[in-house]
Each structure stands twice: as C-alpha cells, then as structure tokens.
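J.: sequence first, then the predicted structure, then my questions.
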Amino acid sequence: MQDVYSKLDDLLHPRSIAIVGASPRLTSAGYLYTSALIEAGYKGKIYPVNPKYGEILGLKSYPSLVEIPDQNVDFVVSVVRAERVPELIEECHVKKVKLIHLYTARMKETGIKERVELENQIVKKAKEYGIRVLGPNCMGVYYPKMGISWENDLPKEAGTVGGLLQSGGLSCELIRYASLRGIRFSKIINYGNASDIDESDLLAYFANDPETNVIVAYIEGVKDGKKFINALSYAAENKPVIVLKGGKGEAGKTAALSHTGSMAGSSAVWSAVLKQCRAIEVASLDELIDLVTAFNFLPPITGEKVLIAGGSGGTSVVSADIWEKEGFKLPEIPDQLRGELRKNVPELSDWIRNPIDRSIFQTQRMEKITPWQAFLKASEIGNFDLLVAELVQSDPWPDDVWKQYLDDFLYNVLKVKENKGNLIAIIEIQGFIDMERLRWRLAAQAVKTLSQNGVAVFYTDSGAAKALRKFIEYWRRKTRVS
C-alpha cells in the first residue's frame, strides 16, 4: 500500500501541466481548467495546447503537445473529443507524460460497444507507455496546496480532509457546501469511469497520505471486489473513512450505469462490506458533511451525556426527543448552578432544566443572567461529554434586541470553546425567501465566526445527533481495539 502512495503522490506533484483543448472561450472546459490553474496559484509551467490560438489567458498556446519546447510534460489534462484521445496518447508518450486526466467523456459510460472499446484501447496503450490515466469522464484533481484546481472559486486554503469521488458534480458540491462550515480539503480526486486509477488505488493513497486525517468517498461501483475490500480495510485501520454509496436503489443503479458505467451491486452487500471493513456508511451528502464536520472539529468523544441550550418551548422538547432517540442522555442541571441561581435569580433555580430553555429568561431576568451565561456556567461545573448550543431565529424580538442576543450567544459560546473542546453549535438559518433580512445575514455570519474559531457547526438537531452517534461509535470502537 505504501508503494501505491509513493507512485501516486509523485504524479500529484507535477512540474508542468498541459491543457490539451485549452480555449479563451469563457464557457469552455478548456478555459475553465486553464484559468483555474492560474487562479489557484499553480507554481509550475502551464502549457495551453490548441492550434487555433497563439495565446490563451496571457500564456503562449502550442499547436500540439509535441511542439511544447520542454522535453518532458508531467501532467496532461485532456478536454478534446474522445476520438482524438488515441492520437493524444501517442503524443504523451513522446513527451514522457506521467499522468493524463481525461475530462473527455462519452466513452464506457454510454454503454455503446464502440465507445467501450475506445476506452479500453486508450487505457491499454497508455499502460504500454507507462502513463497513468485518471478518468475518463471526470473533473480530475483539486489539490489546493499545489495550486491545482478545476474551478476558479474553490477555496485556496488546504485542510486535512481527503476525498475520492466518482462524480464531478458531487465533488464540487462537497467542496463548496463543506467550506461554508470551515472545512478545507487536502485533496479531492474525482476519478470518473476508473479505467485505470480506481477507488482501491485512491483509498490506499489517502490511507498513507500525511496531509489527510479523514477520508471521504463517493463510490458507484468497484472494478475488483477483493482489491477494494483490502484497500478499504487498510484505510479504515489508519483513519476514519466515510463512504456514500451511489446507486443503491433501482433507479440509482440505472443512473450509475449511465453516469460512470459502474455496476452498482446490491444495497445489502454493500452495507455488509462497509461494516466488515469498519468504514462509516452515510446515506446522503448532507450526512457526509455533518460527519466530516464532527471529525474535523471535535476531539475523540465516547460518552453520551449532553447539555443543550437555546431552544424555546416546543423546540426544546423536540430537540431533547431527537438527541434521546439517538441514544444520548440529558442529565439534570448541576446542583451548584441551581444554588447560584437561587441566590441571584430565585425564580429560575427550580425552573431551569436540560435543555436550557431560553424562553424562561425574560428580559428582566436577562439583566441578571442570560441563557448563554447559564450555559457557560453549566459547562464549567457539570460533567458533560458534549455541549450543544442552538441558535434559532423565531423570537418576536425587534432585530436590534435579537442582535444583542446573538452577540451574547457568540461571546459565551466562544468562551465555552476556550474551556472545552467538546462543543457544537446548531444554527438554524431561515430566510431564504427574504435574503435581505438582517437575522438571516447575522446567522450566516455567525456560522463563519464559529467555524473560524474551531466550533463544529450543524444546521439541524437531527443531522447533528445522527452524525455524533456515528462519531462516538467510531471512537468507542477505536478505544476497544487499542
């Protein structure tokens, strides 16, 4: 497995990249890849290749790959038609190319016999020449540390989450949606049809990658079951591996076949394999991002005692139900806190519960203690495994009063974060109909503020509770094994 890592890692550190089919046309893939490399800050040489143009985005364009003056070109991105690729492979051989990424599509995934044969022919010839193939039918490599990207607006900062995904669209959604919660990636590799470099190679790679602490995967099908099980087991021994399996339903299987040409396999078999290999299965992109959020921000947690604050009336009741349904326990508020309240706000001392309901802190009481000050005190005094701060926007207060409440929330929640690592925040962002509403903008800013300060942010109780249940089970299993 270490050998697989070394060989692939070398491919991911190219000294030069050629975009064959580069173009100045804004809507073209050739423009997208060329501009993305420039915008991402790639430090190596960038060679646009297209006989129609002498210059593209300020870079000299070459009529063909073989006319590039450098003797070697390490990495080629192909955005030309499928019929042109066999000739391109010959040019890659001349230029001693190590890796070709085929954005080029309409091959095996079409199911057309001639197209399947074309893909097989391309891979066979590439292997003869010692050229590795990524794809076809994929977005390729997102590696922010190296300045390699496929779109201009993806984050430039590197993180510690690595991903292998068969879908380009899902890769983009993962990067964008996770980034809103402060998550950054070491690398995302979208591998499409997996004609050469496949899911097993990439699992072995990420298992040994020192830049990656958590592995996420979206897989529609596998080429070699035994190889996959070995690679997945190996990876899951080393790091958390979160897997979203595509094509588990009948319609999904059909979609997977037309998307990447993958045979999806039965749902029950897949779930059994993932469990056997100790990977963590999720059912949606939302679940995947929730679980990544937990692993990215939280220390190992094995206990189930939860302190919750921030709901009001029925929202607190439902919140408690959700967490208890997932097996969490909500202990009583510490007696020491009740004693302090009895001295200063006696009417609250017997009323306050877990969850801490903000509606019992009327305006006059907030002059003495706010719900978030009570949350901070309870977190300091009590023995809780997990601290949950919930910000909802349903209060009938004027916006200026709600902003004061939000400021108090942020101040005390960040104080809790300073003292304790086991904190999460649930921010219910409402207001997509009225995008200009102040509360929506302030809540969105709160997500950014919290994530920048290392707080795990979720959008719903149910998403957080499900993710934390899997997170805790992972660390319990690791503790038992060690």
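T.: Everything's here; your move. Numbering: from 1, shown residues only.

J.: please make it C-alpha for all contacts and neighbour counts, starting now.
T.: Fine.

J.: so Leu386 sits against Thr302, correct?
T.: No: in this structure Leu386 lies outside contact range of Thr302 using CA atoms under 8 Å: 9.7 Å.

J.: more neighbours: those two, which one.
T.: Leu386 (23 against 19; other CA atoms under 10 Å).

J.: any idea how far Gly314 is from that one?
T.: Using CA to CA, to the nearest Å, one gets 22 Å for the distance from Leu386 to Gly314.

J.: what's the answer for Pro240, then?
T.: Separation of Pro240 from Gly314 (CA to CA): 36 Å.

J.: and Asp357, by the same measure?
T.: 10 Å.

J.: which one of Pro240 and Gly314 has more residues nearby?
T.: Remark: of Pro240 and Gly314, Pro240 carries more neighbours, 22 against 10, as counted by other CA under 10 Å.

J.: tell me the contacts of that one?
T.: 213-215, 279-280, 474 (CA atoms under 8 Å, 6 or more residues apart in numbering).

J.: per-residue pLDDT, it?
T.: The model reports Pro240 with a pLDDT of 99.

J.: now Gly111
T.: 92.

J.: same check, this time on Ala29
T.: Listed pLDDT for Ala29 reads 98.

J.: what about it, how many residues close to it?
T.: For Ala29, using other CA under 10 Å, the count is 23.

J.: which non-adjacent residue is nearest it?
T.: Distances taken as CA to CA, 6 or more residues apart in numbering place Val79 nearest to Ala29, at 6.5 Å, with adjacent residues excluded.

J.: the one you found and Leu88 touch, don't they?
T.: No: Val79 is not in contact with Leu88 according to CA under 8 Å; the separation is 10.9 Å.

J.: which of those two has more neighbours?
T.: Val79 (24 against 21).

J.: contact partners for Leu88?
T.: Counting by CA under 8 Å, 6+ apart, Leu88 makes contact with Leu65.

J.: average pLDDT for stretch 440-449?
T.: 91.

J.: check stretch 51-66 too.
T.: pLDDT averaged over stretch 51-66 gives 98.

J.: low pLDDT regions in the protein?
T.: 248-265, 363-365, 430-436, 481-482 (pLDDT under 70).

J.: repeat that with 50
T.: Residues of the chain meeting the criterion pLDDT under 50: 249, 251-259, 263.

J.: neighbouring contacts of stretch 115-129?
T.: The contact list for stretch 115-129 (CA under 8 Å, 6+ apart) reads 85-86, 89, 93, 106-110, 132-133, 195-196.

J.: and it, how far out from the chain's middle?
T.: 32 Å (CA atoms, centre = their mean, to the nearest Å).

J.: can I get that stretch as CSV, trimmed to CA atoms?
T.: Once non-C-alpha atoms are left out, stretch 115-129 reads as follows in CSV (Å, rounded to 0.1, in the frame of the first residue of the first chain):
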residue,chain,number,x,y,z
ARG,A,115,-17.2,3.6,-27.1
VAL,A,116,-16.4,0.9,-24.6
GLU,A,117,-13.8,-0.5,-27.0
LEU,A,118,-12.3,3.0,-27.5
GLU,A,119,-11.8,3.5,-23.7
ASN,A,120,-10.2,0.0,-23.4
GLN,A,121,-7.9,0.8,-26.3
ILE,A,122,-6.8,4.1,-24.8
VAL,A,123,-6.0,2.5,-21.4
LYS,A,124,-4.2,-0.4,-23.0
LYS,A,125,-1.9,1.9,-25.0
ALA,A,126,-1.3,4.2,-22.0
LYS,A,127,-0.3,1.2,-19.9
GLU,A,128,2.2,0.1,-22.6
TYR,A,129,3.8,3.5,-22.4
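
J.: how's the chain carved up into domains?
T.: Following automatic domain parsing, one gets these domains for the chain: 1-137, 157-296, 298-481.

J.: endpoints of the shortest one, how far apart?
T.: The first and last residues of domain 1-137 sit 26 Å apart, counting by CA to CA.

J.: verify the stated contact: Gln2 with Asn208.
T.: Yes: counting by CA under 8 Å, Gln2 does reach Asn208; the two are 6.5 Å apart.

J.: between those two, who's got more neighbours?
T.: Asn208 (22 against 11).

J.: looking at the contacts of Pro240, which are in helices?
T.: The helices, defined by DSSP state H, take in Tyr474 from the contacts of Pro240.

J.: before we move on, back to that, Gly30 versus the residue nearest to Ala29, what's the distance?
T.: Distance from Val79 to Gly30, by CA to CA: 6 Å.

J.: hey, what's in contact with both of the two?
T.: 19-22.

J.: tell me the one among those nearest to Ala456.
T.: Of all the shared contacts of Val79 and Gly30, Ala456 sits closest to Ile19, with 38.5 Å by CA to CA.

J.: next SSE downstream of the helix or strand that closest one falls within?
T.: Element membership of Ile19, judged by DSSP states H and E, is strand 16-20. Following strand 16-20 in sequence order, the next helix or strand is helix 29-40 (DSSP H and E).

J.: roughly how far out does the following helix or strand past that following helix sit from the chain middle?
T.: Next helix or strand after helix 29-40 toward the C-terminus (DSSP H and E): strand 45-49. Here the centre of strand 45-49 is set off from its chain's centre by 30 Å, with CA atoms, centre = their mean.
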